[in-house]
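Visitor: One predicted model, sequence on top.
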Amino acid sequence: MIPLPQPVQASMPWNKGQLIGQKPPLKLREIWAIRIRLQLKKDTRELAIFNLAIDSKLRSCDLVHLRVRDVYHGNGIAPRAMVLQQKTHQPVQFEITEQTREALSNWIGHNHFRPDDYLFPSRTNRAHHLSTRQYARIVHKWVKMIGLDTLMYGTHSLRRTKATLIYRRTKNLRAVQLLLGHTKLESTVRYLGIEVDDALEMAEQTEV
């Protein structure tokens, strides 16, 4: 008796159950909702990560690779920093606001970090940095904590947040391009999704 061929099982798509596309940025009230909860919990580590993620606008791979020396100069946290992006191999600068400097200072001082230490080391091995997967899980927890849809938001939401707020206030696309470290202006346009948003905004303001 000839055995019948077994049916081929279709492999499960990698994106099953996930929403694909641009992750929306956080709104100002959502930023403060997360920040206040972390302050109330006295979670110095996550408050430092959150504040710096918002300020730096870095990709997750660049954020987790930061070392203490990248933000700490002389006797304190610098108001500005510069890092070399892994994706583009181009330098990008970012500001470190006062509340972020305070959070970083508390985090670094509490752990007695040295300049060459990773700013956010792994909890299992201090010689290694926080992984991008671990960082993604932390962001997932923040989003869930304030009642947002965890499928809608991710690490890129934090990267896009301040850039989007700056663009909304200034409409200066070139400035946002520099802050995000994009080599092409077209990349910034696509990243912020501003063409569609601006078109809808103009349409809303036009009565016929």
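Guide: Here it is on my side, so go on.
Visitor: what about this protein, any weak spots by pLDDT?
Guide: In the predicted model, the chain carries pLDDT under 70 at residues 1-21, 194-208.
Visitor: Let me see the contact set for the residue lying closest to Asp117 once chain neighbours are set aside.
Guide: Of all residues not flanking Asp117 in the chain, Val68 sits nearest, at 5.2 Å (C-beta to C-beta, 6 or more residues apart in numbering). Backbone N, C-alpha and C define where each C-beta goes, glycine included. By C-beta atoms under 8 Å, 6 or more residues apart in numbering, the contact list for Val68 reads Ile108, Phe113, Arg114, Pro115, Asp116, Asp117, Tyr118, Leu119.
Visitor: what do you get for Lys141?
Guide: Lys141 is in contact with no residue at all, counting by C-beta under 8 Å, 6+ apart.
Visitor: Scan the contacts of Val68 and report the most crowded one.
Guide: Of all these, Leu119 has the most neighbours under the rule other C-beta atoms under 10 Å, reaching 24 neighbours.
Visitor: Could you find the closest non-adjacent residue to that residue?
Guide: Spatial nearest neighbour of Leu119, chain neighbours left out: Leu66 (4.4 Å); criterion: C-beta to C-beta, 6+ apart.
Visitor: Tell me, how many residues neighbour that neighbour?
Guide: Leu66: 19 neighbours (other C-beta under 10 Å).
Visitor: Same check on the one 5 residues further on?
Guide: The burial metric for Val71, expressed as a neighbour count using other C-beta under 10 Å, is 25.
Visitor: cool, Ala175 as well?
Guide: When neighbours are counted by other C-beta under 10 Å, Ala175 registers 14.
Visitor: okay but the residue nearest to Leu119 is in contact with Val83, surely?
Guide: Yes - when contacts are counted by C-beta atoms under 8 Å, Leu66 is listed as touching Val83 (6.8 Å).
Visitor: Next, the closest residue to Gly181 other than its chain neighbours: secondary structure please.
Guide: Once flanking residues are discounted, Gly181 sits nearest to Val92: 3.3 Å by C-beta to C-beta, 6+ apart. Three-state assignment for Val92 (DSSP: H, G, I helix; E, B strand; the rest coil): strand.
Visitor: Can you tell me how far Val92 is from Thr161?
Guide: 16 Å (C-beta to C-beta, to the nearest Å).
Visitor: Could you give the number of residues near Leu104?
Guide: Counted with other C-beta under 10 Å, Leu104 comes out at 25.
Visitor: Checking my notes, it in a helix, right?
Guide: Yes - Leu104: assigned to a helix according to three-state DSSP.
Visitor: what sits against it?
Guide: By C-beta under 8 Å, 6+ apart, the residues touching Leu104 are Ala48, Asn51, Leu52, Val71, Tyr72, Ile77, Ile96, Leu119.
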